[in-house]
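Engineer: No letters, just coordinates:
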């Protein structure tokens, strides 16, 4: 495999899938093999391509983020402007644009990204070091960068920046076959491997990211040292670093411990079974741990990520899939402490999605995609306006009317992070294990999977009717594994943190048929498996009943006692003042009040609306698209 990188210019995403098949029993169907055609996601992916990506590229220019690289390359004069981690805003939008180019070739965007990569490459130092926050003016680096290279890893974000560079480079070479950014990434990664290791410096980044990115670099190059370096960084957590930490006054162990918890460095990775600290850093770490558990068959890390996932979904996740309850530190709170003023950073939803996807690839269990779906349709999608050019950094579940989306932020990690996830979405719908095909998300689309073409038609998430047409070049035998969502089976969440007011098992209402003939519903690990000989034109029909559900939280979530939320299918609803005479924070909804729904094509781009007992509820993801106003997800009974 080590010599196969030359093939990237011919079949970039096919090569990626081949390399992944060497370590995952389950392989994602690459985004270049999937064309999204539905009325929900296709327009959003198009807005991401035509509005969000150009908007972020322009904001990065106007705010000086691109000029920082020009200053580092000494093509213009001036001091570094902004934060030491702003470099990643460039890398993430290159990654997002690369996904867009892979799905929809665009010569103008392609040239724009080529020009941007040339600026980044010019800023790289001869030995591979690329960190504009220092290189622009080594004598006066950006605040928090430390006086010398790698000297303040707890705050510098140097390795975090490299990680996003590597992810962008992998996406770009896979999309275009061009090695321009990959060469920059390899040169940087080789420097990192020379600098950090068992026989070199023993240290860890304060903000995780490079761990999962090195695995991506390993996959696309076949160079084992990058995988080993990722594992090295994981193994260094919770251990004595070299050089030791110097940022705390002598005699202040409490502050040191809290800071170590904040960046998940308080104990070895394999011993971390409780989600703590900064939620984005944590989910990036857990993603890297899941990669290592899978690729290296690391049992202790596997058991750790299993425990961490259970901890998160059973005690620390918002109904929307949002993560991070503590605003001051953007961190997980104590068990069941989920205030509705929720921090729930958009980046934490992205990190969660990356982690849940890896957990599925490792195990083949649908519960991870149940969590993925909840986050995707609610906690993630709420982070961007319907117009594609306004964003939330935080995603609260209640607002007094002072919250509004912004065109960009001083710390603007979230917009491009969200954009890259939406760009990558077509490659997250389907997966394969050998000849078997997994249908993980219900998104109208056509997928080419070896000699099978799978066409999915649906009005999901508004309607639970899904048809899957299977066209094979010749008769073939394999299993089609179709996810049966937890909400359709009467379960509000995998960890039991939330429950539907009705407790009956709803699975008897789910129907599945092949070529119009009902087939027994047998659910295995969350999937309806149809194992048969397939021929051209076979059609599978799945019907998921979409009742309007009242959701209650575990009684230990004190703020939600005596309240319920509304959910229909995967969509969590909220009340907005604009629909409810201006005020919703004092509204109540009797437990027995009947609720109805209807589709309003003219509202919020076309949404299913829930009404009843004097209230009107709209999808949470679409709130604050009609100006400021009160909003609440949880409603007093």
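Structural biologist: Looks like it came in fine. Owing to the predicted nature of the structure, the values given are computational and were not obtained by experimental measurement. Numbering: from 1, shown residues only.

Engineer: ok, now which ones touch residue 598?
Structural biologist: 608, 609, 611 (Cβ atoms under 8 Å, 6 or more residues apart in numbering). In short, each C-beta sits where N, CA and C put it, glycine included.

Engineer: what's the first-to-last distance across stretch 374-394?
Structural biologist: End-to-end distance for stretch 374-394, by Cα to Cα, to the nearest Å: 17 Å.

Engineer: I'd like the average pLDDT over it.
Structural biologist: In this model, stretch 374-394 has a mean pLDDT of 98.

Engineer: picking up where we left off before, can you tell me which of the contacts of residue 598 are in strands?
Structural biologist: 608, 609, 611 (DSSP state E).

Engineer: of these, closest to residue 230?
Structural biologist: Of all the ones in strands among the contacts of residue 598, residue 230 sits closest to residue 608, with 42.9 Å by Cβ to Cβ.

Engineer: Would you mind writing the ChimeraX command to select the buried ones in the ones in strands among the contacts of residue 598?
Structural biologist: One line in ChimeraX is enough to select the buried ones among the ones in strands among the contacts of residue 598; burial here means 16 or more other Cβ atoms under 10 Å:
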select :608,609
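
Engineer: The helix or strand containing residue 573 packs against which elements?
Structural biologist: Residue 573 belongs to strand 571-576 when assigned by DSSP states H and E. Here strand 571-576 touches strand 563-568, strand 615-619, strand 631-632, going by 3 or more Cβ pairs under 8 Å, 6 or more residues apart in numbering; DSSP states H and E.

Engineer: Quick check: next helix or strand after the last one?
Structural biologist: To tie it back to what came earlier, the one meant is strand 631-632. That would be, after strand 631-632 and using DSSP H and E, strand 635-636.

Engineer: for that next one, packing partners?
Structural biologist: Using 3+ Cβ pairs under 8 Å, 6+ apart, strand 635-636 sits against strand 563-568.

Engineer: ok, back up a step: nearest to residue 585, out of the helices and strands packed on strand 571-576?
Structural biologist: Of the helices and strands packed on strand 571-576, nearest to residue 585 by Cβ to Cβ is strand 631-632, at 5.9 Å.

Engineer: what pLDDT, on average, does the closest one get?
Structural biologist: 98.

Engineer: elements contacting that strand?
Structural biologist: In terms of contacts (3+ Cβ pairs under 8 Å, 6+ apart), strand 631-632 is packed against strand 398-399, strand 571-576.

Engineer: Those strands into a markdown table, with extra columns for mean pLDDT?
Structural biologist: Shown next, in a markdown table, are the helices and strands packed on strand 631-632 (pLDDT from 0 to 100):
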| stretch | mean pLDDT |
| --- | --- |
| strand 398-399 | 98 |
| strand 571-576 | 98 |
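
Engineer: which of these is buried the deepest?
Structural biologist: Most buried of the helices and strands packed on strand 631-632, by mean neighbour count (mean count of other Cβ atoms under 10 Å): strand 571-576, with a mean of 27.

Engineer: so that strand versus strand 607-612, what angle?
Structural biologist: 60 degrees (axes from the mean of the first three to the mean of the last three Cα atoms, to 10 degrees).

Engineer: sorry, back to before: out of the helices and strands packed on strand 571-576, deepest packed?
Structural biologist: strand 631-632 (a mean of 24).

Engineer: strands paired with that one, and their directions?
Structural biologist: Strand pairing for strand 631-632, using DSSP bridges, gives strand 398-399 (antiparallel), strand 571-576 (antiparallel).

Engineer: can you tell me which of the helices and strands packed on strand 631-632 comes nearest to residue 366?
Structural biologist: Nearest to residue 366 among these is strand 571-576; the distance by Cβ to Cβ comes to 18.7 Å.

Engineer: Outside of that closest one itself, list whatever touches it.
Structural biologist: Contacts of strand 571-576 (Cβ under 8 Å, 6+ apart): 319-320, 374, 377-378, 397, 461, 551, 565-567, 584, 587, 608, 610, 615-621, 623-624, 626, 629-633, 635.

Engineer: Beyond the lowest-mean-pLDDT helix or strand in the chain, next helix or strand please.
Structural biologist: Every helix and strand of the chain was ranked by mean pLDDT, DSSP states H and E. The lowest is helix 12-21, at a mean of 36. Moving toward the C-terminus from helix 12-21, the next helix or strand (DSSP H and E) is strand 27-28.

Engineer: Give the pairing partners of that following strand; include direction for each.
Structural biologist: If you go by DSSP bridges, strand 27-28 pairs up with strand 430-433 (antiparallel).

Engineer: Can you spell out the domain ranges of this structure, please?
Structural biologist: 30-428, 432-543, 548-636 (automatic domain parsing).

Engineer: ends of the last one, how far apart?
Structural biologist: As for domain 548-636, its first-to-last residue distance stands at 17 Å under the measure Cα to Cα.

Engineer: Distance from the chain centre to that domain, please.
Structural biologist: 25 Å (Cα atoms, centre = their mean, to the nearest Å).

Engineer: repeat for the second one
Structural biologist: In this view, domain 432-543 has its centroid 23 Å away from the chain centroid, taken as Cα atoms, centre = their mean.

Engineer: ends of that domain, how far apart?
Structural biologist: By Cα to Cα, one end of domain 432-543 lies 23 Å from the other end.

Engineer: what about it, average pLDDT?
Structural biologist: 94.

Engineer: which residues in the stretch 251-400 of the chain form helices?
Structural biologist: Per DSSP state H, counting those that start in this stretch, the stretch 251-400 of the chain carries helices over the ranges 253-262, 279-295, 299-315, 346-363, 367-374.

Engineer: between the third one and helix 346-363, how many degrees?
Structural biologist: Read it as helix 299-315. Using the same axes, to 10 degrees, helix 299-315 lies at 130 degrees relative to helix 346-363.

Engineer: Buried residues, helix 299-315. List them.
Structural biologist: Applying 16+ other Cβ under 10 Å to helix 299-315 flags 301, 302, 304, 305, 306, 308, 309, 311, 312, 313, 314, 315 as buried.

Engineer: Check stretch 447-456 too.
Structural biologist: 447, 449, 452, 453, 454, 455, 456.

Engineer: In TSV, list the helices of the stretch 251-400 of the chain along with distance to residue 406.
Structural biologist: Output for the helices of the stretch 251-400 of the chain, formatted as TSV (distance: least, Cβ to Cβ, whole Å):
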stretch	distance to residue 406
helix 253-262	26
helix 279-295	18
helix 299-315	28
helix 346-363	12
helix 367-374	25
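
Engineer: So for residue 428, which of those sits nearest?
Structural biologist: helix 346-363 (6.1 Å).

Engineer: pLDDT of that closest one, averaged?
Structural biologist: 98.

Engineer: So which of the buried residues of stretch 447-456 are in strands?
Structural biologist: Those of the buried residues of stretch 447-456 lying in strands (DSSP E): 447, 449, 452, 453, 454, 455, 456.

Engineer: Beta-bridge partners for the fourth one, please?
Structural biologist: So the one you mean is residue 453. Bridge pairing for residue 453 - DSSP bridges - gives residue 448, residue 471.

Engineer: list the contacts for it?
Structural biologist: By Cβ under 8 Å, 6+ apart, the neighbours of residue 453 are 446, 447, 470, 471, 472.

Engineer: and the fourth one, how many neighbours?
Structural biologist: I take that to be residue 471. Neighbours of residue 471 under the rule other Cβ atoms under 10 Å: 16.

Engineer: Settle this for me: it is touching residue 451, isn't it.
Structural biologist: No: when contacts are counted by Cβ atoms under 8 Å, residue 471 is not listed as touching residue 451 (9.4 Å).

Engineer: In three-state terms, label residue 164 for me.
Structural biologist: helix (DSSP: H, G, I helix; E, B strand; the rest coil).
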